[in-house]
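Asks: Have a look; sequence and predicted model below, questions after that.
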Amino acid sequence: MKKTIQTVKGTREFYPEQMSLRNYIYEKVRSASQAFGYQEWDGPFIETIELYAAKSGEELVKKQSFVFTDRGGEEVTLRPELTPSLARMIAAKQGELTFPVRWWSFGPFWRYEQPQKGRTREFFQWNIDMLGVNSPEADAELIAVGAEFLRSVGLSPERVRIYVNNRRLMNAQFDALGISDKNRLDVANLVDRRSKMDPEKWDAYALELGLSQPQIDGLKIMLSDFDLWKQSDELSRTFSALDAMNVREYIAFDPSIMRGLLYYTGTTFEAFDTSGSLKRSLFGGGRYDNLLEDVGGQPLSGVGFAMGDVGMGIFLQEAGLLPEFEPSPAQVLVTVFDEKLWLESYKLGAELRSEGLNVMVYPEPAKLPKQFKFADKMKMKAAVTVGPDEVERNLVAVKNLSSGEQVIVPREAAVEEIRKVL
């Protein structure tokens, strides 16, 4: 018996039903992005490793990236994220572009992670960014785009919430607690894990980082203060703008939202399933003011977020919010009466397609009941038959597959009759 060749661990196969889900998410992503005036773009799928080394963090580069040496001896990687590519492309044409730039993309990415629910090594991701404006209102616009996407797929504020924080606000709190700059990144990661770790393990981890008990107690008080945002002018303006954009019901302040990547400098945000069935964020992002300088550009403010299709797809399925799968994009089947009339069926199919209908012609002569059964399984709406009598008299038989009713009409009236069924 031949050995079955398995897929590479963590990769995905898109049968038509899975492809339909991917396309549904893409269509909703495109609609939400374009509603706010963002333009679609994309970058290379393979990049040099040095592009990520400066700002993405050691874990992403050394542990999560698919890194290999190409035949020219250069270290390259399948892209684990898109923001560094965005920064390089903006920097390359910084003098030619009209700012603010509003760009979005939906494409494949790869990370060498442990596959689990909501996480694979190969995934598609929505990236959306605005560059060239440094304001809390710009931050609010990106959050609003995310909220509009959630609304468009039927997710209510009771099911999903976007939690917002600000790194400058948190740095001020760290300063007040006497937390040193060299320990700042580790403490930010500690804060980010507050809701994801057992309290005793979180305390132990804090002690391992060298924090004193008063500092740990101070962090706990800070993390339980959900009015802390009022001390931040940036967040106050962000929330006011979200009110104006009619999405505030999706938004809440959470001081534990820090985001792991190094390049975030201001407001950060993440969307979570409030029912807790998916134990990771649905999307997240924030402000990254210094990124362009690291790829040769002039200083330029940016804000953006990313959303993977895997977790969102699972969540929409579990919530029962996906449209019914259509086995075929063709709603009309042209049958093949017999071998002599095979080409006549192809000719009729071409005529119907020229009128804007999606039409499938049965691929071989077969008994008509078998062809009608096939059309039913493919959930088609109409079947059109042209037999010897119809050819001679320039007629066609149009069958409504839902009711079973069939009518004979002149060939030139076929499209009108079919549209009644559809």
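Replies: It's in. Residues are numbered from 1 along each chain as shown.
Asks: Do a quick rundown of the helices in the stretch 1-150 of the chain.
Replies: Read by DSSP state H, counting those that start in this stretch, the stretch 1-150 of the chain holds these helices, from start to end of the chain: 16-35, 50-53, 58, 83-92, 136-152.
Asks: which residues touch the fourth one?
Replies: This means helix 83-92. Judged by Cβ atoms under 8 Å, 6 or more residues apart in numbering, the contacts made with helix 83-92 from elsewhere in the structure are 41, 43-44, 47, 51-52, 55-56, 79, 97, 101, 103, 127, 129, 131, 263, 288, 291-292, 294-298, 300, 302, 304, 306. Heads up, the C-betas are built off the backbone N, CA and C, glycines and all.
Asks: quick one on the thing from earlier: which stretch among the helices of the stretch 1-150 of the chain is buried most, on average?
Replies: Per-residue neighbour counts averaged over each of the helices of the stretch 1-150 of the chain give the maximum for helix 136-152, namely a mean of 23 (mean count of other Cβ atoms under 10 Å).
Asks: related to what we said a few turns ago, tabulate the helices of the stretch 1-150 of the chain (a markdown table), appending mean pLDDT.
Replies: Listed next are the helices of the stretch 1-150 of the chain as a markdown table, based on pLDDT from 0 to 100:
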| stretch | mean pLDDT |
| --- | --- |
| helix 16-35 | 97 |
| helix 50-53 | 81 |
| helix 58 | 59 |
| helix 83-92 | 90 |
| helix 136-152 | 98 |
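Asks: so which of the ones you listed comes closest to Gly311?
Replies: Of all the helices of the stretch 1-150 of the chain, helix 16-35 sits nearest to Gly311, with 10.7 Å by Cβ to Cβ.
Asks: Just want the angle from that closest one to helix 136-152.
Replies: Between the axes of helix 16-35 and helix 136-152, defined by axes from the mean of the first three to the mean of the last three Cα atoms, to 10 degrees, the angle is 140 degrees.
Asks: Packing partners of helix 16-35?
Replies: Helices and strands touching helix 16-35, as assessed by 3 or more Cβ pairs under 8 Å, 6 or more residues apart in numbering; DSSP states H and E, comprise strand 101-110, strand 122-131, helix 136-152, helix 309-318.
Asks: again, only using 6 Å
Replies: Using 3 or more Cβ pairs under 6 Å, 6 or more residues apart in numbering; DSSP states H and E as the contact criterion, the neighbours of helix 16-35 among helices and strands are strand 101-110, helix 136-152, helix 309-318.
Asks: Please work out which residues outside it touch it.
Replies: The list of residues contacting helix 16-35 from outside it, by Cβ atoms under 6 Å, 6 or more residues apart in numbering, reads 104, 106, 126, 128, 145, 148-149, 152-153, 309, 313, 325.
Asks: Likewise for stretch 154-170?
Replies: With contacts defined as Cβ under 6 Å, 6+ apart, stretch 154-170 is touched by 143, 150, 232, 234-235, 249-255, 257, 264, 266-271, 274, 321.
Asks: let's see 7 Å
Replies: Counting by Cβ atoms under 7 Å, 6 or more residues apart in numbering, stretch 154-170 makes contact with 143, 146-147, 150, 228, 231-232, 234-235, 238, 249-255, 257-258, 264-275, 282, 319, 321, all of which sit outside it.
Asks: Could you do stretch 71-78 as well?
Replies: If you take Cβ under 7 Å, 6+ apart as the criterion, stretch 71-78 is touched by 45-49, 65-70, 110.
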